[in-house]
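Enquirer: Sequence and computational prediction follow.
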Amino acid sequence: MNSHEGFVALLREEVGLPLEAADLGRPFDQLEGWDSVHLLTLLTALERATGRRISLPDALEAPSLEHLYAVAVQA
């Protein structure tokens, strides 16, 4: 997962939401079907994909998937 495209693929495969790269900047409350279970699933998948722990407080402060991606690649 070295790119936005890889991140979108991870979202589709691991979380099961049909999102596109254009959806990454949208606030979570504007993503159809998004809920806290998706966030936990995504965080687990990101940690597995990157081999690094992701700060839960930083992840919870992220207003969008774009910001969450930034948290993941900086972890």
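Expert: That came in fine, so what should we check first?

Enquirer: which other helices and strands contact the helix or strand Arg48 falls within?
Expert: Assigned by DSSP states H and E, Arg48 belongs to helix 36-50. Applying 3 or more C-beta pairs under 8 Å, 6 or more residues apart in numbering; DSSP states H and E, we find helix 36-50 packed against helix 4-10, helix 56-61, helix 65-74. Using the backbone N, CA and C atoms, a C-beta is placed for each residue, glycine as well.

Enquirer: quick one: which of these is nearest Thr41?
Expert: Closest approach to Thr41 among the helices and strands packed on helix 36-50 (C-beta to C-beta): helix 4-10, 10.4 Å.

Enquirer: And for Pro57, the neighbour number?
Expert: Around Pro57 there are 7 other residues, counting by other C-beta atoms under 10 Å.

Enquirer: got it, and the one 3 residues further on?
Expert: Here the number of neighbours of Leu60 (other C-beta under 10 Å) works out to 12.

Enquirer: pLDDT wise, what is it at?
Expert: Per-residue confidence (pLDDT) for Leu60: 94.

Enquirer: repeat for Leu17
Expert: Reading off the model, Leu17 has pLDDT 89.

Enquirer: Please give me every residue in contact with the residue in the chain sticking out farthest from the centre.
Expert: In the chain, the residue that sits farthest from the middle, by C-alpha atoms, centre = their mean, is Gly51; the gap is 15.0 Å. Listed by C-beta atoms under 8 Å, 6 or more residues apart in numbering, the contact set of Gly51 is empty.

Enquirer: Just want the phi and psi numbers for it.
Expert: When read as degrees, to the nearest 10, the backbone of Gly51 gives phi 70, psi 10.
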